[in-house]
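In: Got a predicted model here, sequence first, then my questions.
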Amino acid sequence: MANVEDPAIEEAYNDVRDDNTETDWMACGYVGKTNDLEMIGSGSGGIDEMKSLFDPTLVVYGYLRVIAGDEESKRPKFIFITWVGENCGVMRRARVSVHKADVKKVIKQFAVERMGTELSEFEYEDIMKEVRKVGGADYQGNW
């Protein structure tokens, strides 16, 4: 079981969801070899800024806000991200699916869930295509 009781995690989650802040991402990771999670970053530079934390030896859980829609209707959409570095320990990798459920008790609302081991799996345009697709109203034909 992952310990997600660090109040900074929920505060950062709420900050990303708040339309009155510029914060559009937050990320948490493990404290050493424990199952305790702590905030490791947040900011307003989108997925590219978040990816700077994606070290090949780490597991990172993140939350990202993007703006989707057309000229008539723009809405925030949220993405739950799990980064599993290709060189993270075998036991840490094995626990991700169980621990992810614990993280989702704090990070509750999202339209898209994305998990990956390569930085190329977190390109902005690919994420936006997926957001448009699940949104059901992709008038740009990018299916």
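Out: It's in.
In: contacts and neighbour counts: CA atoms only from here.
Out: OK.
In: got the residue ranges for the strands in the protein?
Out: Assigned by DSSP state E, the chain shows strands spanning 25-30, 37-43, 59-69, 74-84, 112-116.
In: Okay, buried residues for the longest helix along the chain please.
Out: For the chain, the longest helix by residue count, based on DSSP state H, is helix 90-103. By neighbour count on 16 or more other CA atoms under 10 Å, the buried set for helix 90-103 is 92, 96, 99, 100, 103.
In: Check stretch 83-91 too.
Out: 83, 84, 85, 86.
In: which one among those residues gets closest to residue 59?
Out: Closest approach between these and residue 59, by CA to CA: residue 84, at 4.6 Å.
In: Distance check, the residue nearest to the closest one when sequence neighbours are not counted against residue 2.
Out: In space, and not counting its chain neighbours, residue 84 is closest to residue 59: 4.6 Å by CA to CA, 6 or more residues apart in numbering. Going from residue 59 to residue 2 by CA to CA, to the nearest Å gives 12 Å.
In: between these two, which one's more packed in?
Out: residue 59 (24 against 17; other CA atoms under 10 Å).
In: if we can go back for a sec, farthest pair within the buried residues of stretch 83-91?
Out: Top of the distance list for those (CA to CA): 83 and 86, 9.2 Å.
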